[in-house]
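> Next comes the sequence, and after it the predicted model I'd like to discuss.
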Number of protein chains: 2
Amino acid sequence: MSITNSKGRILEAALALIARRGDARVTMAQIAKAARVSRQAVYLHFADRADLMVALARHVDHKRGLAEEIQRVNSAPTARAALSAMVALQARTNPDIWAVARAVDAVRRTDDAAERSWQDRLQHRLEGCRQLIARLEREGELRKDIDPAAAADLLWTITSLRTWEDLVLQRGWTPEHYQSHITRLLLAALTRDGGL
Amino acid sequence: MSITNSKGRILEAALALIARRGDARVTMAQIAKAARVSRQAVYLHFADRADLMVALARHVDHKRGLAEEIQRVNSAPTARAALSAMVALQARTNPDIWAVARAVDAVRRTDDAAERSWQDRLQHRLEGCRQLIARLEREGELRKDIDPAAAADLLWTITSLRTWEDLVLQRGWTPEHYQSHITRLLLAALTRDGGL
DNA sequence: CCACAGCTTGACATTGTGTCAATAACAAAT
DNA sequence: ATTTGTTATTGACACAATGTCAAGCTGTGG
């Protein structure tokens, strides 16, 4: 799939640079050069650096077909299977999102648009967690001594990018380890029988 | 306790500014001004910004008497009580450390000293988690279907500053909620009977 | 009185961000 | 075929922040 407009070229170039570096300490000039475009052209398409990073996050989501992936989680046969699928989804997609997410996180304190975008994604994922907890409850699998709202928050933070970063990038867990251990932990903490 | 040397004054000033702002986007000039010292004087005491942030982290630790607090965790009567104490320690100290930790995290990718300092703290906390898991195992409380090394990593990430930030700062949990829910989750995930 | 440590002043180089104005290339519309 | 509008380029500029340098001030102890 070739890129037609230079806006797309800029995004792709930024993504490639960030991926290569492993973090988002990339200057606008470098991005422009990589996209074979003048530095000013970048500012024709994006208001500023923060705007570009936010667009980048959306772009990655879209490219991955994130919406469909989430559908797949919800269409799992049981709540417990859905939980497992959710962890698998994170294990699969986090590597690509990570650096960009860090970049947005870094600028969100100064930039309103970035902050809104961040809260948006946060809210979205949180909603997914709430639904999964609601389903667990409906299927009678949720621990009775736990508040559903708190359970959703816990599910949300444990399946977050940050936990993934800690375990996979810092501690060197394999994706398989991450998936199996986190799934087991969640079942133990949130379901009635403590996960088998 | 009054501050005698200006090195201390600079650290205190930086700390106050960061605390007031809630994050570490503070310039060297602002810090110097707050410490009523010339901007260049700051560079007489600290090689650069990263160096200052690292020193700040140490300073906060020292001020809190962190070493003794950790002793107290280890001197709990049982492993389960120690785990609870560890979570309580996080709940109590994280608010003060948070902004500084974020600052160090932000510069650690460009600065070697910051990275080393970060890995140091990380390693230190991880060691504490390992010991706690070992004690759980010794007392026959550790789940048998879990690898001790993985259990330590999980304990480490779940009691991390990041998880605390997610739940307390983002989701608005009270310190009490944080403490009780996280303790319960850890007991459920790591101990034999799933925490009562 | 001298030396030295700690600090100040002011100037400077550098890097990165963001803005602006003038201009070029080119496609589509009329 | 000229006009129009979009998109991009070039080069210059202002600004903020970091970090460096040289010269000089001040007080304390030898």
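Received the coordinates, thanks. Numbers count the residues shown, from 1 in each chain, chains lettered A, B, ... in the order given.
> Just the mean pLDDT for the lengthiest helix in chain A, thanks.
Determined from DSSP state H, the single longest helix within chain A is helix A:79-107. Mean pLDDT, computed over helix A:79-107, is 90.
> helices or strands up against the very next helix or strand once past that helix?
Later in the chain than helix A:79-107, the nearest helix or strand by DSSP states H and E is helix A:112-138. On a contact count with 3 or more C-beta pairs under 8 Å, 6 or more residues apart in numbering or on different chains; DSSP states H and E, helix A:112-138 meets helix A:49-64, helix A:66-74, helix A:79-107, helix A:148-158. Bear in mind the C-beta positions are built from the backbone N, C-alpha and C, glycine included.
> Which among these is found nearest to residue B:54?
helix A:79-107 (18.7 Å; C-beta to C-beta).
> That closest one near DNA strand D at all?
No. Counting by C-beta under 7 Å from any atom of the strand, DNA strand D has no neighbours in helix A:79-107; the shortest distance is 14.2 Å.
> starting at the chain centroid, how far to that helix?
4 Å (C-alpha atoms, centre = their mean, to the nearest Å).
> try stretch A:32-48
How far stretch A:32-48 lies from its chain's middle: 26 Å, per C-alpha atoms, centre = their mean.
> residues in contact with it?
A:6-7, A:9-10, A:12-14, A:16-17, A:28-29, A:31, A:52, A:55, A:111, A:113 (C-beta atoms under 8 Å, 6 or more residues apart in numbering or on different chains).
> Mind doing that once more with 7 Å?
For stretch A:32-48, the surrounding residues in contact (C-beta atoms under 7 Å, 6 or more residues apart in numbering or on different chains) are A:6, A:7, A:9, A:10, A:13, A:16, A:17, A:28, A:29, A:31, A:52, A:55.
> what comes up buried for it?
For stretch A:32-48, a neighbour-count test (16 or more other C-beta atoms under 10 Å in any protein chain shown) marks A:32, A:34, A:35, A:37, A:41, A:42, A:45, A:46 as buried.
> now stretch A:79-98
The neighbour-count check on stretch A:79-98 (16+ other C-beta under 10 Å) flags A:79-80, A:82-91, A:93-94, A:97-98 as buried.
> do stretch A:9-26 as well
Applying 16+ other C-beta under 10 Å to stretch A:9-26 flags A:9, A:10, A:11, A:12, A:13, A:14, A:15, A:17, A:18, A:24, A:26 as buried.
> and what of stretch A:65-73?
Result for stretch A:65-73 [16+ other C-beta under 10 Å]: buried residues A:66, A:69, A:70, A:73.
> and chain A, which of its residues are near DNA strand C?
So chain A meets DNA strand C at A:27, A:28, A:29, A:39, A:40, A:43, A:47, A:48, A:49, A:50 (C-beta under 7 Å from any atom of the strand).
> try 10 Å this time
A:24-32, A:38-44, A:46-53, A:107, A:110-111 (C-beta under 10 Å from any atom of the strand).
> residues in contact with stretch A:58-77?
A:11, A:15, A:82, A:85, A:86, A:89, A:93, A:96, A:97, A:100, A:128.
> how far does stretch A:70-82 sit from the chain's center?
18 Å.
> so where's chain A shaky on pLDDT?
Low-confidence segments of chain A, defined by pLDDT under 70: A:1-4, A:194-196.
> separation between residue A:15 and residue A:59?
Separation of residue A:15 from residue A:59 (C-beta to C-beta, to the nearest Å) stands at 7 Å.
> Any chance of the backbone angles for the residue of chain A most remote from its centre?
What lies farthest from the middle of chain A is residue A:38; by C-alpha atoms, centre = their mean that is 30.8 Å. In terms of degrees, to the nearest 10, the main-chain angles of residue A:38 are phi -70, psi 150.
> and if you look at residue A:139?
The phi/psi pair for residue A:139 (degrees, to the nearest 10) is phi -90, psi 10.
> so who does the closest residue to it other than its chain neighbours touch?
Leaving aside its sequence neighbours, residue A:139 sits nearest to residue A:79 (C-beta to C-beta, 6 or more residues apart in numbering or on different chains; 4.8 Å). Going by C-beta under 7 Å, 6+ apart, residue A:79 touches A:132, A:135, A:136, A:139, A:141.
> Residue A:137 versus residue A:151, what's the distance?
Counting by C-beta to C-beta, the gap from residue A:151 to residue A:137 is 9 Å.
> Give me every residue in chain A lying close to DNA strand D.
Checking chain A against DNA strand D by C-beta under 10 Å from any atom of the strand, the hits are A:4-10, A:32, A:35-45.
> Can you list which of those residues are found in helices?
Those of these lying in helices (DSSP H): A:6-10, A:32, A:39-45.
> can you put the contacts of stretch A:32-48 in a markdown table and add distance to residue A:167?
What follows is the contacts of stretch A:32-48, written out as a markdown table (distance: C-beta to C-beta, whole Å):
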| residue | distance to residue A:167 |
| --- | --- |
| A:6 | 38 |
| A:7 | 36 |
| A:9 | 35 |
| A:10 | 33 |
| A:13 | 31 |
| A:16 | 26 |
| A:17 | 26 |
| A:28 | 33 |
| A:29 | 35 |
| A:31 | 31 |
| A:52 | 29 |
| A:55 | 29 |
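> ok, so of those, who is nearest DNA strand D?
DNA strand D lies nearest to residue A:6 out of the contacts of stretch A:32-48, by C-beta to the nearest atom of the strand, at 3.1 Å.
> residues touching the closest one, list them.
A:35, A:37, A:41.
> nearest residue to the first one other than its sequence neighbours?
Translated: residue A:35. That would be residue A:13: by C-beta to C-beta, 6+ apart, it lies 3.7 Å from residue A:35.
> so what's the backbone phi/psi at the one you found?
phi -60, psi -40.
> still on that earlier bit, ok, which pair from the buried residues of stretch A:9-26 is furthest apart?
Using C-beta to C-beta, those span at most 18.2 Å, a distance reached by A:9 and A:24.
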